[in-house]
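Chemist: got a predicted model here, sequence first, then my questions.
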Amino acid sequence: MTVEATATIVAVQEDIVRLRLIDPARGRLMKNEVVYIRPARAPGQRLKAEVLRVLGDQADAQVYESTAGVGLGDEVEQTGLLLSIRLGPGLLGQVYDGLQNPLEALAQGHGTFLPKGVAAPALPPGAKWTVTATRRVGERVRAGDVLATVPEGPILHKIMVPFALDEDWTIDWIRDGSMTVDEPMARLKTASGAVRNVTLAQDWAVRQALPRHLLRRGYSTRLYPSEPMITTQRLIDAFFPVAQGGAACIPGPFGAGKTVLLNLIARHSDVDVVILVACGERAGEVVETITDFPRLKDPRTGGSLMDRTVIVCNTSSMPVASREASIYTGIALGEYYRQMGLRTLMIADSSSRWAQAMRETSGRLEEIPGEEAFPAYLDSAIKGVYERAGVIQTNDGSVGAFTIIGAVSPAGGNFEEPVTQSTLAAVKCFLGLSYDRAYKRFYPAIDPLTSWSRYRNQLAAWSAEHMGPDWMARVDEMISLLNRGDEIQRMEQVAGEEGISSDDYLASEAAKFVDMVFLQQDAFDAVDSSVSLERQKQTFNQVYAIATSRYEFASKEDIRTFFVKMTGLFKNLNYAAPGTPDFQRLSEEIKALNDSVPVT
């Protein structure tokens, strides 16, 4: 059935079109409304677009396809709906584009080169799910309450009352059994007699925070992040932790190892669901991610890592408009799983490409530009993304966390550019990658002298309980040692080794030792790529004891020889699995070397 057109195209500029209502008295235009353009030159084709701004009976809309073939007078049909995605069982393991079209289904239906205007159901329509009802007929429910559960891979998927419902509802009927996502599994009634069928799936507008209605009415509660997200990367967990439900950014230049680091965090972090948003990255990197993840073993379950991962993919060769939408699609997915009481991590790579997409769209709308031609609302847009992270106590009392880590790709590694600066103002953890460290093969190439985490004080109670009462003070001492070591090395470059005292030389070598054996980690070694929190604590205590000991050395040559030997032993120890003969032997050699030097 053809929907009646309510507007026509009056102007076209690249992927921006202007449309005008045919009869202003019979309708209205709404910001962020989804509309479909029907090009007269391609009968049957429907191009999806989103209204960006309304100007009386006219509006500017961005088209999520090429506008080649769109002409003046082409018909436009309105949906009355905001840009939304489908939420329900079947999301895990999928690879979507920015508008939640499953790429594999599109390829099977239309081949590798997609025609314009094609789409596919976001959730497998024919898949049967085993539903177990958790409520009974006659019970009263409200938005966000759990009605049933569905096993989906490694998680138990909760089917919830649609999040936008206002009133209290009574369950009229509810059923168990095997069903598809579109079959009714319950019917709800209000006191006024209104009836609502509930299926396994529901839609949500991606630009609106999913729990906002639940929080406003007191059904769910926002909590203060109080636990770290364990990444198993020593430098992050010990020095610059990220809280569960927190926000962090990883800026860095090309070649600094950002992609490898993000993949390690996605694979080993203690979260239930991972959402990867490939936003404007090169197609080769995205293809590598899509190919690698199904082959990677999930350290949590032993199955494929893809079983608890959702990939939202919009490469640099895809339309700019859908690249801008892809971030919001990933956020809405993360909020959905958080509302189930799960720990969810979203990694956006890269938010710079997302900001560049906004800049292109803003330029075509002829808006007043801000710094470096980015839109004037860049700062508020970035803050609006990261503030959707957080910890929520849901309706049923379970606690879910949604953590956002955004990669930033500043041109030339310039951290003073607008996207990086706006991101730093929005997050509480900054893991700055250094090209110089990457050039020296120091990985992860996070610079400990410029990076910071405001979560350290926030997580002080957790650290005192799990890592030791003096953990924070000792980490601060090691950061101070690294800064002092850097100052001494700069002094040595000017004055030479003879121009610095033995005490300064000892501090410089101790700082190098901490950097080499604790801050660096081999991403491709089976043992060292992922280090448990208990082993991190053990290693840090050993390193701290050596780095702070007041050794008595006869000469600077003795200092250098001692730390070279100690560094070599510790690096080999990092590669040795606990309990193995190598681990025992190296531990004994480290102790013997340490005991061979007298201390004051």
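Modeler: That came through fine. This is a predicted model, so every value here is computed, not measured.

Chemist: name the helix or strand of this protein that has the lowest mean pLDDT.
Modeler: Least confident helix or strand, the chain: helix 283-292 with a mean of 74, by mean pLDDT, DSSP states H and E.

Chemist: contacts only, for Val271.
Modeler: Contact partners of Val271, counting by CB atoms under 8 Å, 6 or more residues apart in numbering, are Met229, Gln244, Arg343, Thr344, Leu345, Ala401, Thr403. In short, each C-beta sits where N, CA and C put it, glycine included.

Chemist: returning to that earlier point: buried sites along the least confident helix or strand of the chain?
Modeler: Buried residues in helix 283-292, counted by 16 or more other CB atoms under 10 Å: Val286, Thr289, Ile290.

Chemist: and what of stretch 509-528?
Modeler: By neighbour count on 16+ other CB under 10 Å, the buried set for stretch 509-528 is 509-521, 527-528.

Chemist: and stretch 314-333, by the same measure?
Modeler: Buried-residue list, stretch 314-333, by 16+ other CB under 10 Å: 314-316, 318-333.

Chemist: and the longest helix seen in the chain, what does it pack against?
Modeler: Using DSSP state H, we find that the single longest helix of the chain is helix 471-495. Applying 3 or more CB pairs under 8 Å, 6 or more residues apart in numbering; DSSP states H and E, we find helix 471-495 packed against helix 455-458, helix 460-466, helix 502-514, helix 533-548.

Chemist: of all those helices, which one is nearest Arg585?
Modeler: Within those, the stretch nearest Arg585 is helix 533-548; the backing value is 15.4 Å (CB to CB).

Chemist: show the subsequent helix or strand relative to that closest one.
Modeler: Next in sequence after helix 533-548, counting helices and strands by DSSP states H and E, comes helix 556-574.

Chemist: give me the angle between that next one and helix 533-548.
Modeler: Orientation note: helix 556-574 sits at an angle of 180 degrees relative to helix 533-548 (axes from the mean of the first three to the mean of the last three CA atoms, to 10 degrees).

Chemist: how much space is there between the residue lying closest to Val118 once chain neighbours are set aside and Leu103?
Modeler: The shortest distance from Val118 to any non-neighbouring residue, by CB to CB, 6 or more residues apart in numbering, is to His110 (5.4 Å). Distance, His110 to Leu103, by CB to CB, to the nearest Å: 11 Å.

Chemist: higher neighbour count, those two?
Modeler: Leu103 (16 against 12; other CB atoms under 10 Å).

Chemist: ramachandran coordinates for the more buried one?
Modeler: Dihedral angles of Leu103 (phi, psi; degrees, to the nearest 10) stand at phi -70, psi -40.

Chemist: who touches it in this structure?
Modeler: By CB under 8 Å, 6+ apart, the contact list for Leu103 reads Val95, Tyr96, Asp97, Cys313.

Chemist: want to throw the helices and strands packed on helix 471-495 into TSV with distance to Leu296 and mean pLDDT?
Modeler: Compiled in TSV, the helices and strands packed on helix 471-495 are given as follows (distance: least, CB to CB, whole Å; pLDDT from 0 to 100):
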stretch	distance to Leu296	mean pLDDT
helix 455-458	28	95
helix 460-466	28	96
helix 502-514	31	96
helix 533-548	21	97
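
Chemist: can you list those in a markdown table and add distance to Ser192?
Modeler: Below are the helices and strands packed on helix 471-495 laid out as a markdown table (distance: least, CB to CB, whole Å):
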| stretch | distance to Ser192 |
| --- | --- |
| helix 455-458 | 46 |
| helix 460-466 | 48 |
| helix 502-514 | 68 |
| helix 533-548 | 54 |
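
Chemist: helices of the stretch 1-150 of the chain, start to end?
Modeler: Ranges of helices in the stretch 1-150 of the chain, per DSSP state H, counting those that start in this stretch, are 103-110.

Chemist: would you map the strands across it?
Modeler: Using DSSP state E, counting those that start in this stretch, the strands assigned to the stretch 1-150 of the chain run over residues 7-13, 16-21, 33-38, 47-55, 58-63, 75-82, 84-87, 95-96, 129-133, 140-141, 146-152.

Chemist: any chance of those strands in JSON lines, plus mean pLDDT, mean neighbour count and distance to Ile265?
Modeler: Shown next, in JSON lines, are those (pLDDT from 0 to 100; neighbours: other CB atoms under 10 Å; distance: least, CB to CB, whole Å):
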{"stretch": "strand 7-13", "mean pLDDT": "95", "mean neighbour count": "17", "distance to Ile265": "40"}
{"stretch": "strand 16-21", "mean pLDDT": "95", "mean neighbour count": "20", "distance to Ile265": "36"}
{"stretch": "strand 33-38", "mean pLDDT": "96", "mean neighbour count": "22", "distance to Ile265": "34"}
{"stretch": "strand 47-55", "mean pLDDT": "94", "mean neighbour count": "19", "distance to Ile265": "32"}
{"stretch": "strand 58-63", "mean pLDDT": "95", "mean neighbour count": "23", "distance to Ile265": "32"}
{"stretch": "strand 75-82", "mean pLDDT": "94", "mean neighbour count": "17", "distance to Ile265": "32"}
{"stretch": "strand 84-87", "mean pLDDT": "97", "mean neighbour count": "21", "distance to Ile265": "24"}
{"stretch": "strand 95-96", "mean pLDDT": "93", "mean neighbour count": "24", "distance to Ile265": "19"}
{"stretch": "strand 129-133", "mean pLDDT": "97", "mean neighbour count": "18", "distance to Ile265": "31"}
{"stretch": "strand 140-141", "mean pLDDT": "96", "mean neighbour count": "16", "distance to Ile265": "37"}
{"stretch": "strand 146-152", "mean pLDDT": "97", "mean neighbour count": "19", "distance to Ile265": "23"}
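
Chemist: which one of those strands lies closest to Gln233?
Modeler: Nearest to Gln233, of all these, is strand 95-96, at 25.9 Å by CB to CB.

Chemist: count of neighbours near Arg207?
Modeler: A count of neighbours around Arg207, defined by other CB under 10 Å, yields 16.

Chemist: name the element it belongs to?
Modeler: When elements are assigned from DSSP H and E, Arg207 belongs to no helix and no strand.

Chemist: identify the residues contacting Pro162.
Modeler: Counting by CB under 8 Å, 6+ apart, Pro162 makes contact with Ala143, Arg196, Val198, Gln202.

Chemist: ok, Asp525 next?
Modeler: Asp525 neighbours (CB under 8 Å, 6+ apart): Tyr575.

Chemist: just the element for Ile404, please.
Modeler: For Ile404, the element it lies in under DSSP H and E is strand 399-408.

Chemist: that strand: how far from the chain's middle?
Modeler: 5 Å (CA atoms, centre = their mean, to the nearest Å).

Chemist: against which helices or strands is that strand packed?
Modeler: So strand 399-408, by 3+ CB pairs under 8 Å, 6+ apart, packs with strand 247-251, helix 258-268, helix 320-338, strand 343-349, helix 351-364, helix 378-386, strand 390-393, helix 418-426.

Chemist: could you dump those into JSON lines with mean pLDDT and distance to Ala547 added?
Modeler: Output for these, formatted as JSON lines (pLDDT from 0 to 100; distance: least, CB to CB, whole Å):
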{"stretch": "strand 247-251", "mean pLDDT": "96", "distance to Ala547": "26"}
{"stretch": "helix 258-268", "mean pLDDT": "92", "distance to Ala547": "25"}
{"stretch": "helix 320-338", "mean pLDDT": "92", "distance to Ala547": "39"}
{"stretch": "strand 343-349", "mean pLDDT": "95", "distance to Ala547": "32"}
{"stretch": "helix 351-364", "mean pLDDT": "91", "distance to Ala547": "36"}
{"stretch": "helix 378-386", "mean pLDDT": "96", "distance to Ala547": "35"}
{"stretch": "strand 390-393", "mean pLDDT": "98", "distance to Ala547": "35"}
{"stretch": "helix 418-426", "mean pLDDT": "95", "distance to Ala547": "30"}
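
Chemist: how close does Leu123 get to Asn197?
Modeler: 17 Å.

Chemist: for Arg535, which non-adjacent residue is closest in space?
Modeler: Distances taken as CB to CB, 6+ apart put Pro578 closest to Arg535, at 6.7 Å, once the chain neighbours are dropped.

Chemist: the one you found: how many residues sit nearby?
Modeler: Count around Pro578 with other CB under 10 Å applied: 13.
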